[in-house]
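# What follows is a predicted structure for the sequence shown.
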Amino acid sequence: MNPNTSTQPADQRELTGLLNRLFDRGLEPAEEQRLNALLEQSGAARRAYLCHLDLHLELERRLGGFGAPDRAAAVLDGGAADSPGARHLIARPLAFGSAVLALAASIVLGLWLLPRAPVEPGTTVAGDPTATRTADTDPAMGATTPANLALLVGSRQAVWAAPDRTDRADPVAPGLPTGDYLPAGRLELEAGEIDLSFANGAEITLHAPASFEVLAADELQLDRGRLAARMPDSAVGFIIRTPQSAIVDLGTEFSMNVHEDGDSEVLVHDGKVVASLLSDSGSTLRDYTVQRGQAVSIHPGRSAMDAIDAAADLERFLLPPSMRPPPLAISEAYVDAVTSAEPLAYWRFESVDADRRVRNQVTDRWHLQLDDHVRLEPSTDDNLVALFPAEADSAVAMTTEPFAGLNREQGYSIELWVHPGNASWSTVAGLLDDQRMDASQLPYLSVIELMGLSQGRRSGLMHDDFAVRFLHRSPPGAGAGFNAITATAYRPSQWHHLAVVAQAGQLSVYVDGRLMQTTRDPQPVFDEIDYHLVLGRLRPPGHRDDQRQFRGRIDEVAVYPRALSAAEIADRVHLATKRPGLPVVVTR
Amino acid sequence: MTDPTPPSDESASADPPTASQAVDGELFVRLLTRHENDLYRSIVALMPGRPEVDDVMQETAASLWKKFADYDASQPFLPWARRFALFEVLKWRQRLGRSKLIFNDDLIHQVAAEQDAVQPELEQRRKALDICLAKLGRRDRQLLRQRYQDGLTVMDLAQSEGIKPHKLYYALEKIRRNLLACIETTINSARLRES
């Protein structure tokens, strides 16, 4: 439906003008009367009004910031329960009064009803670094060029331009190590090939010679070179800009070549993109939706876009990396070792019953309840893993009954395999007080987090990015607790073995069998509380949790009522190898 | 034009939720959380430019909770909730009298009557906006960012940019017109491809 089709063009223009004045400065009395008259004339005018108003509100939501901070996260980090949220203009979140608050107190409205005060741009929200927003950050439209937007996850014979050949103040030295962020500014790749990973899950491979710049968490400028991109649903809207064209991803895999003369071509392998030819001022002259199997060439010099037959010369395109994640092969020896270590629970995720429960391998208690979004996925011919999909807003698994007496002097341990599907900060697992599951201040005993990027930026805590965090809080829900945070320890899109151990106040984190960090709580408090294990996010099922949702894969989760030793953990990783000499993780 | 069905029994509606409603509490929160954005926009549409929108939203949420036992879970939540929003807007209007109002009673009813029908299109349009924002030129992007992200009024913005306010009004209007046109084109193109 075109909401304007049933009104006269002059009325349309007048209506649009009045609405713009309404949004930008308010209306004079005479203008209000005229708006009333126009809207009373026809349903089409009223629909046009609703569409126009919604555009205005949507712009405010996207550009003014809408996501309130996760109060659970703030509480978890020791922040104030009334931490300020993102700022709002018209589309403010709800700020309910005490009467409603009291009314709702008997149910689970808790966090949702609390007033959320505005925060100025550039303010770091106390206790919730995920809510950090600066004036130069613009997730809806792209940002200026901060660093830490894209992670270099692969490098094959890459040679970067010498510093004096770039226009950057702090150019990349040859041999930029994988695992580091790309710095801000234009970069020149003279030889080889690199792989980039973005916080939204986008993966891009670039082949030299290439000149490019990461403009924002979802935007890359490619002035020259060959590129292959794999964009999950979470990266829909990602933009590849060239000097006079742009590709907007709609959830796809595609390849793109940008030539020295400014011509470019794009081939879509799966999904679709919108290819646009831009004018000198950057506005769109022509655009074309390129579907799976189609290719177009874009010629700014003659303002033309042509369909081309890419199949005749596929080799000129760089092909995207395989969609399939690296397989995780688990040997029988590994399974035997875990079982003989007498865990309380060991979930292998090899099957799920009709009630969506994954059975505990070692006893008929403490099964794992999956929600509707978590599913099992084959990793190898004989190993299934739990997938927390990238497209799910919420995916969580929780024990069917709590563990008793876990937080005692003898300690406890949790180990698992994890494959982070993106570079975002996310919660892998937590232990939650069974009696206070609905509490607004989540009473976590401990949380295991992957400290990647938070909304495309660094998390704000003083640690290296891609650290693993083991937060322990005793008694649960009180104070900020103690952190054991590793140095940079994991890579997105690779399998890692994680183990955390808490014993008599000592907190230890192991990554891939190696002790990475130890911290001591000088005054540990033990308790007789029963704890549920929650996988995939901070909050249990049935509760809103928009941030720190884990997206990726988890397997072989085990919970022990004692401290595992360093030797046990190291042996475990060694035993996971199916055959001697082979790595457990086969990376692509 | 008929009035919406208001909460029928004010004395009963003031009762707090009972223990038997506890199970529905989570459903209520889930539904209201899911639809709060659209419900809020529905209220803005009935009283544009009014600062009391938050108050009316608050009253609406309270009414919804009081009457949640009457909600038929087999029916969509948003249209049901909008009836209460309309009722609360009309109550607000009565309290305020007839001064300083943009919409009269009839028009409020007329706009409210369109809201459910236009909802699917609004959702399509929001998706198309992704593409259209990306197509904007650098200057237009910067202007929108200053207007919405930095929260500057047009007067402030004009002063900081050193241009006359009416030129800025026109520039913003032109950007929104272009976005509206782009959204139309994008949706129509998608329909053509699907047909």
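Done, it's in.
# How many neighbouring residues does A:V385 have?
Applying other Cβ atoms under 10 Å in any protein chain shown, we find 25 residues neighbouring A:V385. In this view, the C-beta of every residue, glycine as well, is placed from N, C-alpha and C.
# pretty sure it contacts A:W495?
No. With contact taken as Cβ atoms under 8 Å, A:V385 and A:W495 are classed as non-touching, separated by 9.0 Å.
# Minimum distance to chain A, which residue of chain B gives it?
Across chain B, the shortest distance to chain A (Cβ to the nearest Cβ) belongs to B:G25, at 3.0 Å.
# Show the model's pLDDT score for that residue.
According to the per-residue confidence, B:G25 scores 72 in pLDDT.
# Same question for A:Q455.
51.
# now do A:A80
Per-residue confidence for A:A80 comes out at a pLDDT of 27.
# How about the contacts made by B:D72?
Under the criterion of Cβ atoms under 8 Å, 6 or more residues apart in numbering or on different chains, the contact list for B:D72 reads B:W80.
# Which strand or helix spans it?
Secondary structure assigned from DSSP states H and E places B:D72 in neither a helix nor a strand.
# Check whether A:H574 really touches A:G513, as I assumed.
Yes. The pair A:H574 and A:G513 qualifies as a contact (Cβ under 8 Å) at a distance of 6.9 Å.
# Neighbour count: the two, which is higher?
Neighbour count, other Cβ under 10 Å: between A:H574 and A:G513, A:G513 has more, with 20 against 14.
# For the more buried one, which non-adjacent residue is closest in space?
Once its chain neighbours are removed from consideration, A:G513 has its nearest residue in A:V573; the separation is 3.4 Å (Cβ to Cβ, 6 or more residues apart in numbering or on different chains).
# What residues of the helix or strand hosting that neighbour count as buried?
Taking DSSP H and E as the criterion, A:V573 maps to helix A:566-575. By 16 or more other Cβ atoms under 10 Å in any protein chain shown, the buried positions in helix A:566-575 come out as A:E568, A:I569, A:A570, A:D571, A:R572, A:V573, A:L575.
# Stretch A:23-36 now?
By 16+ other Cβ under 10 Å, the buried positions in stretch A:23-36 come out as A:F23, A:D24, A:L27, A:E31, A:E32, A:R34, A:L35, A:N36.
# Tell me which two in these are the farthest apart.
A:D24 and A:N36 (19.2 Å; Cβ to Cβ).
# In contact with A:A395: list those residues for me.
Under the contact definition (Cβ under 8 Å, 6+ apart), the residues listed for A:A395 are A:D371, A:H373, A:V374, A:F388, A:P389, A:G536, A:R537, A:Q549, A:F550, A:R551.
# Each with direction, which strands does the helix or strand containing A:V500 pair with?
Element membership of A:V500 [criterion: DSSP H and E] is strand A:496-503. Within its sheet, strand A:496-503 is paired with strand A:412-420 (antiparallel), strand A:506-511 (antiparallel), according to DSSP bridges.
# Convert the shortest one to PDB, retaining C-alpha atoms only.
Coordinates of the C-alpha atoms in strand A:506-511 are reproduced here as PDB (Å, rounded to 0.1, in the frame of the first residue of the first chain):
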ATOM      1  CA  GLN A 506      41.000 -19.500  45.300                       C
ATOM      2  CA  LEU A 507      39.600 -19.000  41.800                       C
ATOM      3  CA  SER A 508      41.300 -20.400  38.800                       C
ATOM      4  CA  VAL A 509      40.700 -20.300  35.100                       C
ATOM      5  CA  TYR A 510      42.100 -22.800  32.600                       C
ATOM      6  CA  VAL A 511      42.000 -22.300  28.900                       C
END
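# which residues touch it?
The list of residues contacting strand A:506-511 from outside it, by Cβ under 8 Å, 6+ apart, reads A:468-470, A:472, A:482-486, A:489-490, A:496-502, A:515-521, A:566, A:569.
# Any chance you could give me the strand holding A:V500 in CSV, C-alpha atoms only?
The C-alpha atoms that make up strand A:496-503 are tabulated as CSV, following Å, rounded to 0.1, in the frame of the first residue of the first chain:
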residue,chain,number,x,y,z
HIS,A,496,38.4,-23.9,23.3
HIS,A,497,38.4,-26.1,26.5
LEU,A,498,37.4,-24.0,29.5
ALA,A,499,37.7,-25.0,33.1
VAL,A,500,37.0,-22.9,36.2
VAL,A,501,37.9,-24.1,39.8
ALA,A,502,36.8,-22.5,43.1
GLN,A,503,38.3,-23.8,46.3
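# ok and that strand relative to helix A:566-575, angle-wise?
Note on geometry: by axes from the mean of the first three to the mean of the last three Cα atoms, to 10 degrees, strand A:496-503 and helix A:566-575 are set 160 degrees apart in direction.
# name the element the closest residue to A:E528 other than its chain neighbours belongs to?
If the residues on either side of it in the chain are set aside, A:E528 comes closest to A:G405, at 6.2 Å by Cβ to Cβ, 6+ apart. Assessed by DSSP H and E, A:G405 sits outside every helix and strand.
# do the same with A:V248
Under the criterion of DSSP H and E, A:V248 resides in strand A:245-249.
# which outside residues touch that strand?
Under Cβ under 8 Å, 6+ apart, the answer for strand A:245-249 is A:202, A:229, A:231, A:235-241, A:254, A:256, A:264, A:266, A:271, A:273-278, A:284, A:298, A:300, B:130-131, B:134-135.
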